[in-house]
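J.: got a predicted structure plus its sequence, pasted below:
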Amino acid sequence: MGSASLSLFDDASSPEGAATSFGDAFAAWLADQRGTGALRRPSAAEVYQAMWDSFSGWCLGQSPRVTLETLGLHDLQAYQAARFGRKASDQSLSPRYVLRLMRLIDRVLRHRAAQTDALPNTAAADWIAANPEVRFSEAEREDPLPEYLTVGEARQLIVHLSSARPRPGRNRDALAAMTWQEVRNRASVALQLGAGITPGDVRALTLESPVTQGSRIRGLPWKLQVPGNGTSKPRETPIAPWAAELLQYWLQVRQEARVAGTFLFPSTRTGKPWQADSQYKNALQVLEDAGMASREGGSFRLRHTFAIRQLRRGTSAEQIARWMGVEPGEMKRYERVLPAAVEVV
């Protein structure tokens with residue numbers, strides 16, 4: 001038998017088997033979506049991954065564990081109840097988010113059933129049918145509101161990220177104890193918040209991307225040249241001063257660690273490209289270390305916060321769209337949350 005069939009015989013009752021079952025089911029569904037062209041944007045895949053990771057993490061943390069086979073209506077209700085009513089900045093499990101999550105669960109379960117020639121688990125579809133307030137939550141607006149950081153969360157994250165660079169009163173021993181990978185992780189997250197770039201942009205940046213020419217402070221990067229990809233053209237975007245200082249320090253650490261290659265944020269010391277799954281997990285770890293409790297929205301919350309911050313500062317939607325590499329029409333989703341975003345960092 002081929003190795004691809006081995007996962008069918010994993011012991012799903014063990015913690016390792018249950019985790020593998022969740023991971024394999026999602027990976028197989030995602031591969032098919034990409035293969036058929038139904039899911040082309042990397043950003044969408046990363047959001048789905050974050051949603052699935054949050055859900056599967058809850059299932060595996062229950063006693064007894066909730067598996068793909070045993071998942072029922074009561075489990076889905078318990079998951080929603082466990083996540084509902086958290087701090088307002090979390091905005092976890094709003095009706096629109098619940099609908100997207102339940103649809104994702106249903107699609108993954110049906111895909112898995114088709115692969116294994118088994119009857120599908122319809123718990124998610126049944127849950128949607130039993131909750132009309134969720135089922136009709138997208139009747140007025142099809143796209144959900146973007147997740148973003150509150151003022152307090154953004155400031156808390158900036159303090160955490162900036163602690164990775166030399167500052168007056170900063171313990172030099174603590175800086176020396178940080179690995180080059182830790183500085184890389186924080187600097188990359190800083191650019192997502194301070195320059196509005198995507199995780200894919202992070203991995204595509206090269207050593208030529210930071211622009212220092214024309215900077216008010218000698219040698220300090222003040223904008224990024226972001227390479228184009230299949231969905232956006234090459235563009236330039238400004239860098240917030242605090243993020244620029246951390247980027248400048250990362251370039252110093254990168255040189256001292258003798259990291260090779262042309263990528264700004266490589267995976268290894270030899271300069272290999274940073275893979276999406278590794279970069280995604282490292283970004284989430286930085287957010288968790290900074291005390292960001294919610295995983296909903298992944299690190300895209302940082303890019304959304306950048307957009308809202310610029311709108312609040314009076315920057316035109318057209319200019320922000322150029323910086324972010326999107327069509328101006330996409331800025332309307334950010335304008336919808338401005339009344340609630342009284343202040344952003």
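T.: Looks like it came in fine. Residues are numbered from 1 along each chain as shown.

J.: do you know how far Q252 is from P238?
T.: According to Cβ to Cβ, to the nearest Å, Q252 and P238 sit 21 Å apart. From N, CA and C alone the C-beta is placed, and that goes for glycine too.

J.: which one's more surrounded, those two?
T.: Legend: neighbour count by other Cβ atoms under 10 Å for Q252 and P238, higher for P238 (18 against 13).

J.: beta partners of that one?
T.: With DSSP bridges as the criterion, P238 is bridged to K223.

J.: quick check, it in contact with R322.
T.: No. With contact defined as Cβ atoms under 8 Å, P238 does not reach R322; the gap is 11.0 Å.

J.: can you find the helix or strand of this structure with the lowest average pLDDT?
T.: Ranked by mean pLDDT, DSSP states H and E, the weakest helix or strand in the chain is helix 132-135, scoring a mean of 68.

J.: what's downstream of that one, the next helix or strand?
T.: helix 151-162 (DSSP states H and E).

J.: so what does that next one touch, helix or strand wise?
T.: Applying 3 or more Cβ pairs under 8 Å, 6 or more residues apart in numbering; DSSP states H and E, we find helix 151-162 packed against helix 180-194, helix 241-256, helix 276-289.

J.: and that helix, average pLDDT?
T.: Across helix 151-162, pLDDT averages out at 93.

J.: could you dump that helix to CSV, C-alpha only?
T.: Extracted in CSV, the C-alpha atoms of helix 151-162 (Å, rounded to 0.1, in the frame of the first residue of the first chain):
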residue,chain,number,x,y,z
VAL,A,151,-5.7,50.7,20.5
GLY,A,152,-4.6,48.9,23.6
GLU,A,153,-3.7,45.7,21.7
ALA,A,154,-1.7,47.6,19.1
ARG,A,155,0.3,49.5,21.7
GLN,A,156,0.9,46.3,23.7
LEU,A,157,2.1,44.5,20.5
ILE,A,158,4.4,47.4,19.5
VAL,A,159,6.0,47.4,23.0
HIS,A,160,6.6,43.7,22.7
LEU,A,161,8.0,43.9,19.2
SER,A,162,10.2,46.9,20.0
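
J.: the inter-axis angle of that helix versus helix 276-289?
T.: Relative orientation of helix 151-162 versus helix 276-289 (axes from the mean of the first three to the mean of the last three Cα atoms, to 10 degrees): 110 degrees.

J.: contact partners of helix 151-162?
T.: Contacts made with helix 151-162 from outside it, assessed by Cβ atoms under 8 Å, 6 or more residues apart in numbering, are listed as 89, 149, 186-187, 189-190, 193, 242-243, 245-246, 286-287, 289-292, 305, 343-345.

J.: distance of the closest residue to L264 other than its chain neighbours from W52?
T.: What sits nearest to L264 in space, not counting adjacent residues and going by Cβ to Cβ, 6 or more residues apart in numbering, is L205, at 4.0 Å. From L205 over to W52 the distance is 27 Å, taken as Cβ to Cβ.

J.: now R333
T.: 23 Å.

J.: out of these two, which sits in the busier spot?
T.: Neighbour count, other Cβ under 10 Å: between R333 and W52, W52 has more, with 21 against 15.

J.: show the model's pLDDT score for S14.
T.: Confidence score, pLDDT, at S14: 58.

J.: in contact with the closest residue in space to V253 that isn't next to it in sequence, which residues?
T.: Once flanking residues are discounted, V253 sits nearest to V183: 4.8 Å by Cβ to Cβ, 6+ apart. By Cβ under 8 Å, 6+ apart, V183 lies in contact with A164, R165, Y249, W250, V253.

J.: where do the strands of the protein begin and end?
T.: In the chain, the segments counted as strands under DSSP state E are 210-211, 223-226, 235-238.

J.: just give me the neighbour total for T67.
T.: Applying other Cβ under 10 Å, we find 18 residues neighbouring T67.

J.: distance check, it against S56.
T.: 10 Å.

J.: output the below-cut-off pLDDT ranges for the stretch 101-250 of the chain.
T.: For the stretch 101-250 of the chain, applying pLDDT under 70 flags the ranges 132-133, 135-144, 169-174, 230-232.

J.: rerun that using 50 as the cut-off
T.: Where the stretch 101-250 of the chain drops to pLDDT under 50, the residues are 140, 142.

J.: show me this structure divided up by domain.
T.: The chain breaks down by automatic domain parsing into domains covering 8-135, 151-335.

J.: in CSV: these, plus distance to L145.
T.: Shown next, in CSV, are the domains of the chain (distance: least, Cβ to Cβ, whole Å):
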stretch, distance to L145
domain 8-135, 7
domain 151-335, 7
